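K.L.:
Mind folding the following:
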Amino acid sequence: MAEEGSEFDFSPLLQLIAARNVKKQIPAEPHWAFCYSNFQKDSPMIDFAVHQCLGPELQNSFCVSHLVLRALDTVEDEMNLPSEIKVPILQNFHLHIYDGNLNLSCGTKKHHKDLMDQYHHVSAALSELQEGCQEVIVETAKRMGAGMAKFILKEVETVDDYTEYCHIVNGIVWVEMSKYFHASNLKEVAPPDCLADSLGLMTQKQHIIQDFMEDLNKIPNAPMHWPRQIWCKYVAKLGDLALEENSEKALCCLNDMVTDALSHAQSCLELSRIISIGTLALCYNNIQVFKGGIKIRHVARLCAKVIDEMKSLSDVYGAFYDILGTLKTKINNDDPNATKTLHLVEAIRKFCENSGLLMNQRSSYSEMGLEGKRYQVQQGESFLVKGQDDPFSLVADELCLIGNRLRDMVVAQEVQLSLAAEYFFEMGVEGRRFRPTILLLMASALNVSPPGSNAFSGLRTRQQRVAEITEMIHVASLLHDDVLDDANTRRGVPSLNYCMGNKLSVLAGDFLLSQACVALASLENTEVVTLISTVLEHLVTASLIANSCKAIALLANQETEVAMLAYNYGRNLGLAFQLIDDTLDFTGTSASLGKSSLSDISHGIITAPILFAIEEFPQLREVINCGFDNTANVDLALEYLEKSRGIQRATELAIEHANLAASAIDALPQSEDDNVRIFRRALVELTQIVITRTK
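P.N.:
The predicted structure follows:
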């Protein structure tokens, strides 16, 4: 590992892209001219790396080795060759690589077909290499050919089979590649064989995952190489993953495959394989893998970002850390592999943290970032550098409309209860209508119908109804909380229970919940009803915002992946909000909070700052167990809290969740609509507002 702060000449794959503007000289000899021209067409990135990192003799060896193995791979991929013909060719290919008359017309890409039709150029170049290099190429072709032949005759049944196959077709290549760089004294890009093999395994598995639909649609049929041990847990036939009715099962299977690929990531972290990690993050929980394939333009943009902005190993670790943070936001707790995936992601991110190479202030590399936006963490604060829009102003007119409709709903009902409920709205103690703001912004960030159209109008009305339902549920929870907390004020005015008594306050909250249920039923959407019913069961901030955001996406007929990103945004924003709320109970004032300061601890409610303080001072647990009826215990608990990092750690955790929420917006499919981009920036800005608020 490079020492902290040292410069790092990372992987030739990155160096090679950095040299993308360097024009190399094609040799004059026809056979070498053909070899280098075909090499460049087949893998321009590796071609540039070879020319930047290796001397002339090793360049020639690498080029010929690549083309020989590419020819072998082209034979394996040729589906028009029956197995009884293909298997002997693969097994004996190493015996014929010097044959200038070798004639195997196959290949789907033009430069692959050219390679096979004019293979005599490769055999001529091979014969001119040093004897030792020729022997290595022959032996590698022999091993790969035998392995490929084995899996022509044998399906990939187990995960071990899958890993063996990936080793044969790519792990061996990376191991041999590393030897060339080692021979050029490029020690930092010549890892041990085991690490090079891990890189090959992860890269090959990434391609197999990414190319599902391309392989499925090949005519004639091609082997898919997804291990039966994984996919049979979800469907009867591998192709069934592409069926619409199997979408949820397909995502679980996909996430299983991505998790398996991630198991190789940490061991090859220093090899800077950012693109593979970025692609795996893009594939994870992405139903598009089974609907025509995913668009890799986001990963291509990351590739350019890698080149332009990465200067040291700390940049590499930072990129891994942030990309995996984006993947983390996509993990669905209901996924059967969620725990394993989360463990792998957190282990790699922890490895990055413990390396000492993450900078305190740095750009965030997300494979699907909004242009012109960077998140930074500095001195415990997260802030948006560019593209700030006031979220509340963007939806001010709709918020006013929703406020009026809410008042109309409660006024038109049973007189005494409506007066009680109306008190909350009329007195202005509901705050800035934070939750409806989130939902209206999310609606604009996801809607595909143009404003003014009938489709937009109908959809928008239904989404506004979700915002109203969410606000009624929130207000009902506040009315009930004030009773439980025996609160005398709310937002600086007397609370409803103080003015009208606990009984009427509870009934008013129940009345609002019943109105929310009536409004919910009017949406006539079973999935949305189920989501909001979950909120009614939990009645916690994160659940309310998360499920409501997902409901907004579902009403807009968004894909499952987009709905989950909306959910993850709401969940992480809600958690950040609650964590800051917990800290403000100790640091804020009664006037700013809308409730008595120290309200939680006074009522025996143990929140994040206290929990973190207990980790530093276990004796605090005994104080808590004694209860807080005695104010001396409250004072003692506060003394421990003040000595601890409880408030700081709760704030840091809030920042982490805020950044995860921002990453979820970052991961939404790219849009060319300027309005959509504005509303997405506003959703990101809300994450900053949440963690810097004082009330």
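
K.L.:
what helix or strand is the closest residue to Cys166 other than its chain neighbours on?
P.N.:
Distance criterion Cβ to Cβ, 6 or more residues apart in numbering; nearest residue to Cys166, sequence neighbours excluded, is Gln204 at 4.0 Å. Quick note: C-beta positions are derived from backbone N, CA and C, even for glycine. Here Gln204 sits within helix 193-210, counting by DSSP states H and E.

K.L.:
Now do the same contact list for the residue nearest to Cys549 when sequence neighbours are not counted.
P.N.:
Distance criterion Cβ to Cβ, 6+ apart; nearest residue to Cys549, sequence neighbours excluded, is Gly570 at 3.4 Å. Gly570 makes contact with Ile438, Met442, Ala542, Ile545, Ala546, Asn547, Ser548, Cys549, Lys550, Ala661, according to Cβ atoms under 8 Å, 6 or more residues apart in numbering.

K.L.:
if we can go back for a sec, now find how far off-centre the helix holding Gln204 is within its chain.
P.N.:
Offset of helix 193-210 from its chain centre (Cα atoms, centre = their mean, to the nearest Å): 20 Å.

K.L.:
Against which helices or strands is that helix packed?
P.N.:
helix 159-166, helix 172-183, helix 247-262, helix 274-283 (3 or more Cβ pairs under 8 Å, 6 or more residues apart in numbering; DSSP states H and E).

K.L.:
How far does the shortest one sit from its chain's centre?
P.N.:
This points to helix 159-166. Its chain's average C-alpha position is 26 Å from that of helix 159-166, according to Cα atoms, centre = their mean.

K.L.:
Give me the helices and strands touching that helix, please.
P.N.:
Contacts defined by 3+ Cβ pairs under 8 Å, 6+ apart place helix 159-166 against helix 131-153, helix 193-210, helix 228-231.

K.L.:
how about those, which one is nearest Met472?
P.N.:
Taking Cβ to Cβ, helix 193-210 is the member of the helices and strands packed on helix 159-166 nearest to Met472, at 43.5 Å.

K.L.:
Report the buried residues of the helix or strand just after the closest one.
P.N.:
Note on helix 193-210: by DSSP H and E, the next helix or strand toward the C-terminus is helix 212-216. Neighbour counts using 16 or more other Cβ atoms under 10 Å place Phe212, Met213, Asp215, Leu216 of helix 212-216 among the buried residues.

K.L.:
isn't the last one right up against Met224?
P.N.:
Yes - proximity of Leu216 to Met224 meets the contact threshold set by Cβ atoms under 8 Å, at 6.8 Å.

K.L.:
quick revisit: what's the most buried one of the helices and strands packed on helix 193-210?
P.N.:
helix 274-283 (a mean of 26; mean count of other Cβ atoms under 10 Å).

K.L.:
one step back: weakest of the helices and strands packed on helix 193-210 by average pLDDT?
P.N.:
Here the lowest mean pLDDT among the helices and strands packed on helix 193-210 goes to helix 172-183, at a mean of 67.

K.L.:
now the helices and strands packed on helix 159-166 in TSV, with mean pLDDT, distance to Glu615 and mean neighbour count?
P.N.:
Shown next, in TSV, are these (pLDDT from 0 to 100; distance: least, Cβ to Cβ, whole Å; neighbours: other Cβ atoms under 10 Å):
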stretch	mean pLDDT	distance to Glu615	mean neighbour count
helix 131-153	90	51	17
helix 193-210	83	35	23
helix 228-231	96	38	18
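
K.L.:
any idea which helix or strand carries the nearest residue to Thr687 once chain neighbours are set aside?
P.N.:
Among residues not flanking Thr687 along the chain, Ala658 sits closest, at 4.0 Å (Cβ to Cβ, 6+ apart). Here Ala658 sits within helix 646-666, counting by DSSP H and E.

K.L.:
in that helix, what counts as buried?
P.N.:
Across helix 646-666, burial judged by 16+ other Cβ under 10 Å covers 646-647, 649-666.

K.L.:
next helix or strand past it?
P.N.:
In N-to-C order, the element after helix 646-666 by DSSP H and E is helix 674-692.

K.L.:
Counting by contacts, list what that next one packs against.
P.N.:
strand 381-384, helix 391-394, helix 434-446, helix 560-587, helix 646-666.

K.L.:
right, and out of the contacts of Gly570, which lies closest to Leu241?
P.N.:
Ranked by distance to Leu241 (Cβ to Cβ), those are led by Lys550 at 23.2 Å.

K.L.:
List the contacts of the closest one.
P.N.:
Lys550 makes contact with Leu531, Ala563, Met564, Ala566, Tyr567, Gly570 under the criterion Cβ under 8 Å, 6+ apart.

K.L.:
Determine the angle, from 0 to 180 degrees, between the helix or strand hosting Lys340 and helix 274-283.
P.N.:
Using DSSP H and E, Lys340 falls within helix 338-354. Angle, helix 338-354 to helix 274-283, by axes from the mean of the first three to the mean of the last three Cα atoms, to 10 degrees: 150 degrees.

K.L.:
what about Tyr119, how many neighbours?
P.N.:
Using other Cβ atoms under 10 Å, Tyr119 has 22 neighbouring residues.
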